[in-house]
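Got a predicted structure here, sequence first:
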Amino acid sequence: MTKAKPVIFFLLKILVSAGLIGYFLSRIHIEQFLQTFAAAKFSYIALALGVYLVAQGISAVRWATLARPLGIKTPFKDLVQYYLIGMFFNLFGPSTVGGDVTRVYYLVKDEEAHAKGRPVTTVHAAMSVLMDRAIGMVVLVWLGAFGLLLFPNYAVPQTARTATFLLALGLLAGALLTPVLKRFLPEDGHHLAVKLRLALRSYRLHSGALLGAGLLSLVVHLIQAWMHTVMGRALDLEVPFSFCLIVYPLVGTFAAIPISLNGLGLREGGYIFLLAVIGIGAEKGIAFGILLFLIVALDSLIGGLLFLFKRKSPPVEQSETV
């Protein structure tokens, strides 16, 4: 039964995504939806593909920035490969954390294969991935909150505004309380608690890495917000950059709720709901969401190719784990 749970949850997520997409499609004019896609401008789609790939490259730099304080010495080019492979499994794997697990696996394997001293543990690798995820999400939510404050003229529903501000404050409180967590972890005791304490101490001693990761996250999210304007032009929609600073973070946060298949269905619903604020109909809103999914999927296939290449590559002789 325990082994069947992941499969059951995966199938339930597929049902949720399929149900949501089916519901949205049943509520729109299919011909107008298809016409929107048929008229899409390839030049802007190609630009969006390139922009998204650049953003993921910067995200890999952010991960490297957070990995170095933990003693992880994996070359940057390898970190980029692992990040792209993680992108592939995040999208095509059975869960949104599949790519994170993949990154941890490759990182530990790489460090063990090349370690001259004590290899980096799974805890350190997982901490680097967790911090990468956490900082990216915190900056995303706060970008949405600032977007709502800077551009109050957009008639975003009050429920969405309140939820965004409360989440932003909650994440800020969590970030401020994280150093306190270290005090409750024993100096001596279970090896996992000790390693976690040492990892937190590493970030306290290298606070510049956290600041750098935060700034890189801001750059990534601003690039992806601008990518939304490019996608709008691809579909002949006028989506102002100022509004993208609101719609992209809010939809991205909403789609992260782990009840669907990698946000499919939730994302499209979010765009239908929020793009209506600037007068864009449901047919174009769902087309916008599906176009984003296709762009992410196409770029993620690069990670799939890297994964196949690494499987065919001869294994590196591993040193004995200390």
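Good, I have the coordinates. Residues are numbered from 1 along each chain as shown.

C-alpha from now on. contacts and neighbour counts both.
Will do.

Hmm, Val129 is touching Val104, no?
Yes - judged on CA atoms under 8 Å, Val129 makes contact with Val104 at a distance of 7.1 Å.

now stretch 154-165: how far from the chain's centre is it?
22 Å (CA atoms, centre = their mean, to the nearest Å).

Kindly report the same for stretch 221-233.
In terms of CA atoms, centre = their mean, the centre of stretch 221-233 is set 16 Å apart from its chain centre.

Then stretch 63-81?
The answer for stretch 63-81 is 18 Å, by CA atoms, centre = their mean.

Likewise for stretch 263-275?
16 Å.

so where's this structure uncertain?
1-6, 93-97, 111-120, 178-203, 205, 312-322 (pLDDT under 70).

Would you map the helices across it?
Counting by DSSP state H, the chain has helices at residues 4-26, 30-38, 42-67, 76-92, 98-114, 122-150, 158-181, 191-205, 207-234, 241-255, 266-275, 282-312.

Against which helices or strands is the fifth one packed?
If contacts are counted by 3 or more CA pairs under 8 Å, 6 or more residues apart in numbering; DSSP states H and E, helix 98-114 sits against helix 76-92, helix 122-150.

which parts of it are buried?
Neighbour counts using 16 or more other CA atoms under 10 Å place 98-104, 106-113 of helix 98-114 among the buried residues.

Just name the closest of the residues you listed to Leu20, please.
Gly98 (22.5 Å; CA to CA).

Tell me if I'm right that that closest one and Ile85 touch.
No - applying CA under 8 Å, one finds Gly98 not in contact with Ile85, separated by 10.2 Å.

Give me the contacts around stretch 49-56.
With contact meaning CA atoms under 8 Å, 6 or more residues apart in numbering, stretch 49-56 is reached by Leu84, Val220, His221, Ile223, Gln224, Met227, Ile295, Val296, Leu298, Asp299.

Going through those residues, which ones are buried?
Leu84, Val220, His221, Gln224, Met227, Ile295, Val296, Asp299.

These: which two are farthest apart?
Pairwise over the buried ones among the contacts of stretch 49-56, using CA to CA, the maximum falls at Leu84 and Met227, 18.9 Å.

quick revisit: deepest of the helices of the chain, which one?
Greatest average neighbour count among these goes to helix 266-275 (a mean of 24), per mean count of other CA atoms under 10 Å.

export it as PDB, just CAs?
The C-alpha coordinates for helix 266-275 follow below in PDB (Å, rounded to 0.1, in the frame of the first residue of the first chain):
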ATOM      1  CA  LEU A 266      -4.500  25.800 -12.000                       C
ATOM      2  CA  ARG A 267      -2.100  27.900 -14.100                       C
ATOM      3  CA  GLU A 268      -4.700  28.300 -16.900                       C
ATOM      4  CA  GLY A 269      -7.400  29.100 -14.400                       C
ATOM      5  CA  GLY A 270      -5.200  31.800 -12.900                       C
ATOM      6  CA  TYR A 271      -4.600  33.400 -16.200                       C
ATOM      7  CA  ILE A 272      -8.300  33.300 -17.200                       C
ATOM      8  CA  PHE A 273      -9.200  34.900 -13.800                       C
ATOM      9  CA  LEU A 274      -6.500  37.600 -13.800                       C
ATOM     10  CA  LEU A 275      -6.200  38.500 -17.500                       C
END
